[in-house]
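1. quick one, structure for this:
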Amino acid sequence: MAKKIDIEFNKNEDTYKLAITQFKRKLETIHLGGGSKRIEKLHAQGKMTARERVEYLVDEGTFFEIGAFAGYQMYQEHGGAPAGGVITGIAKVKGTLCMIVANDATVKAGAWFPITGKKNLRAQEIAMENKLPTIYLVDSAGVYLPMQNEIFPDKEHFGRIFRNNAKMSSEGIPQIAAIMGSCVAGGAYLPIMSDESIIVEGTGSIFLAGPYLVRAAIGETVDKETLGGATTQTELSGVCDYKVPNDKAALDLIQELVNKFAERPRTGLNRQEAKPPKKATSEILGFFPEAASKPYDTVEILERIVDDSKLTFYKKDYGETIITAYARIDGWSVGIVANSRLVTKNAKGEMQFGGVIYSDSADKAARFIMNCNQKKIPLIFFHDVTGFMVGKRSEHGGIIKDGAKMVSAVSNSTVPKISVVMGNSYGAGNYAMCGKAYDPRFIVAWPTAKIAVMGGTQAAKVMAQIEVSSLKKKGKELSDKDEQEIIDRIKSKYDEETSSYYAAARLWVDAIIDPRETRQFISAALEAADHAPIEKFNVGVIQT
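-> Numbering: from 1, shown residues only. Below you'll find the model as predicted:
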């Protein structure tokens, strides 16, 4: 028996290691931004790349990137937008945790695609939720004009960023901007609406309209430096606060300014001395099945993430398809809500399938979430859920009522919520487990995770039935082979659109991470969350 388990373990591990290798290769390509030639061109201008700037600025080993896969395989007809043309993430600068936003000038001169705006807004949202000082490294040509209709006028578009500048300032969240390249038109408001601004001589420029537009609009001929270069904007207009000779001097000055911040207040989340898991974190890959439909013991994975591999289970033998437990992760006190993938029987002898939320598990999870809010304990959600149980028995048992109870508790929860999509995250199960729509402070996915209304096979069969029925009504005769080809075509498209990469490209998740780094991610997320006060919990109307 042990040999069989070892073979399965090794197969899982090999499959996942391959998935991680593919993930890292994709990431390496993204890190090149617009490519080697554009990087060389930037260096020839005496400028650092966005990633070089971030690396120089932050304390070594502290940068957690958010949205690296933003724009992945999108806008191909426009040449693509690796990382959405902007680098964002949280890191320490001289010991102070900050949000970093750096335009990547190797991608269309740092122009803003629709996903660029969405990514900037997500960075500001995280900064506001967690009260993090924000540093903008500006080097952008402004809105990507061929797609201006998708980025300019709406509530969640480009202009919202400047509104957030003002709101963050009013909330006492420091913002520093360094103008390290172009900063034009509406984009000029971002650095100047920050608390302090720095401009680099020779390469930095800021104006509402560049030389070409000025000439077209009013007939005036003026060069870029005279119009809005470093000397103009520090000595004549007073728009910028500091003039520096080069990129490194700008980054040194930012470090100096941040180093003089007063100590940021903490929420007071419970943290003790960290203890490593007793069980090897590397073994996570062997316990997670290579096939999404296979059952596995979620507890084995959790024990390789939490301190001392210790979990204090809440209602362990009730509602077993959801695991609720208290634990510590890197010393932080947390409440864990995780989907169990084991097939079990309840007290009535009824079979319960793993990954499905039943009435009893929804009820248990709702109560646990309310308890964690009562005690101000952050919640960590581990997704591998196919949805709520359906059918006559479930409907008669009030599954909608119990599901609504859980969704209501998640919605009104005020403690920090962090989501990790390990496997499937389908349908209303995604909502109940604190998907993106339910305001997790951070949400990440493992490389093989899936996010969708339902699984690819089920969805393909449903959509294929509709298509086949429509074709038959039009008088077209289809063979079994024809029908299978329709199913395969639809499934292939659906599978692509449910992948973690598709989700990350659209910022449905903040990042894709190696499962073995889950513990470090959660700890970094909780450190960020510990800077924002927790509001009073009020669950509102909830049926018992």
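
2. please report how far Cys200 lies from Ala185.
-> For the record, residue 200 is Val, not Cys. Distance, Val200 to Ala185, by Cβ to Cβ, to the nearest Å: 19 Å. For the C-beta atoms, the positions are set from N, CA and C on the backbone; glycine is no exception.

3. Val415 now?
-> 41 Å.

4. residue at max distance from the center of the chain?
-> Distance from the C-alpha centroid of the chain peaks at Gly475, with 47.5 Å (Cα atoms, centre = their mean).

5. residue contacts, that one?
-> By Cβ atoms under 8 Å, 6 or more residues apart in numbering, the contact list for Gly475 is empty.

6. can you say which helix or strand has it in it?
-> Taking DSSP states H and E as the definition, one finds Gly475 inside no helix or strand.

7. what are the phi and psi values at it?
-> In terms of degrees, to the nearest 10, the main-chain angles of Gly475 are phi 90, psi 10.

8. and Val200 and Ala185? Which one has more around it.
-> Val200 (25 against 17; other Cβ atoms under 10 Å).

9. show me the shaky parts of this structure.
-> Confidence mapping of the chain against pLDDT under 70 gives the ranges 1-5, 186, 391, 396-397, 456, 459-460, 540-544.

10. give me the most central residue, it.
-> Geometric centre of the chain, nearest residue: Asp510, 0.8 Å, by Cα atoms, centre = their mean.

11. my read: that residue touches Val444, true?
-> Yes: judged on Cβ atoms under 8 Å, Asp510 makes contact with Val444 at a distance of 5.8 Å.

12. please name the nearest non-neighbouring residue to Gly331.
-> Ala274 (3.8 Å; Cβ to Cβ, 6 or more residues apart in numbering).

13. mind listing what the one you found touches?
-> 307, 328, 330-331, 523.

14. give me the distance between it and Gly34.
-> In terms of Cβ to Cβ, Ala274 sits 40 Å off from Gly34.

15. Tyr314 and Ala81, how far apart?
-> From Tyr314 over to Ala81 (counting by Cβ to Cβ), the distance is 44 Å.

16. I'd like the next helix or strand past whatever helix or strand Asn165 lives in.
-> Using DSSP H and E, the secondary-structure element containing Asn165 is helix 160-170. Using DSSP H and E, the helix or strand that follows helix 160-170 towards the C-terminus is strand 175-184.

17. now the angle from that next one to helix 160-170?
-> Put simply, strand 175-184 runs at 150 degrees to helix 160-170, going by axes from the mean of the first three to the mean of the last three Cα atoms, to 10 degrees.

18. which elements pack onto the helix or strand that comes right after strand 175-184?
-> Tracing the chain past strand 175-184, the next element assigned as helix or strand by DSSP H and E is helix 189-192. Secondary-structure packing of helix 189-192 (3 or more Cβ pairs under 8 Å, 6 or more residues apart in numbering; DSSP states H and E): strand 134-140, helix 160-170, strand 175-184.

19. in a markdown table, list the ones you listed along with distance to Ser419.
-> Below are these laid out as a markdown table (distance: least, Cβ to Cβ, whole Å):
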| stretch | distance to Ser419 |
| --- | --- |
| strand 134-140 | 23 |
| helix 160-170 | 23 |
| strand 175-184 | 27 |
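
20. go through the ones you listed and name the closest to Ala404.
-> Between Ala404 and the helices and strands packed on helix 189-192, the tightest spacing by Cβ to Cβ is seen for helix 160-170, at 31.3 Å.

21. list the buried ones in the closest one?
-> Within helix 160-170, the residues scored as buried using 16 or more other Cβ atoms under 10 Å are 160-162, 164-165, 168.

22. elements contacting that helix?
-> The contact analysis (3+ Cβ pairs under 8 Å, 6+ apart) places helix 160-170 against helix 114-130, strand 175-184, helix 189-192.

23. just those: most buried one?
-> With neighbours defined as mean count of other Cβ atoms under 10 Å, these peak in mean count at strand 175-184, which reaches a mean of 26.

24. for that strand, which strands pair with it and how are they oriented?
-> Looking at strand 175-184 with DSSP bridges, its partner strands are strand 134-140 (parallel), strand 196-200 (parallel), strand 205-207 (parallel).

25. chain center to the first one, what's the gap?
-> Think strand 134-140. Averaged C-alpha coordinates place strand 134-140 at 20 Å from its chain's average position (Cα atoms, centre = their mean, to the nearest Å).

26. and for it, what are the contacting residues?
-> Contacts for strand 134-140 (Cβ under 8 Å, 6+ apart): 47, 50, 53-54, 57, 93, 98-105, 109-112, 123-124, 127, 168, 173-184, 187, 190-191, 194, 254, 258.

27. if we use 7 Å, what do you get?
-> Strand 134-140 is contacted from outside by 50, 53, 93, 98-103, 105, 110-112, 127, 168, 173, 175-183, 187, 190-191, 194, 254, using Cβ atoms under 7 Å, 6 or more residues apart in numbering.

28. now swap in the shortest one and tell me
-> Outside strand 205-207, the residues within contact range by Cβ under 7 Å, 6+ apart are 179, 182-184, 188, 191, 199, 224, 227-229, 233, 239.

29. switch to 10 Å and redo it
-> 138, 177, 179, 181-185, 187-192, 197, 199, 211, 213-214, 222, 224-225, 227-230, 232-233, 237, 239-240 (Cβ atoms under 10 Å, 6 or more residues apart in numbering).

30. and the next helix or strand past that strand?
-> Following strand 205-207 toward the C-terminus (DSSP H and E): helix 211-218.

31. list the buried ones in that following helix?
-> In helix 211-218, counting by 16+ other Cβ under 10 Å, buried: 211, 214.

32. may I have the next helix or strand after it as CSV, with CA atoms only?
-> Using DSSP H and E, the helix or strand that follows helix 211-218 in sequence is helix 224-228. Only the C-alpha atoms of helix 224-228 are listed here, as CSV (Å, rounded to 0.1, in the frame of the first residue of the first chain):
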residue,chain,number,x,y,z
LYS,A,224,10.6,69.7,-24.5
GLU,A,225,13.1,70.9,-22.0
THR,A,226,12.0,74.6,-22.1
LEU,A,227,8.3,73.5,-22.0
GLY,A,228,8.5,71.1,-19.1
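
33. and for Arg393, the neighbour number?
-> Other residues close to Arg393 by other Cβ under 10 Å number 12.

34. do the one 5 residues further on as well
-> By the criterion of other Cβ under 10 Å, Gly398 has 15 neighbours.

35. excluding chain neighbours, what is closest to it?
-> Ser359 (6.1 Å).

36. would you confirm that that neighbour contacts Val390?
-> No: counting by Cβ atoms under 10 Å, Ser359 does not reach Val390; the two are 11.8 Å apart.

37. shared neighbours, the two?
-> Shared contacts of Ser359 and Val390, defined by Cβ under 10 Å, 6+ apart, are found at Ile399.

38. in terms of neighbours, single out the busier of the two.
-> Ser359 (21 against 11).
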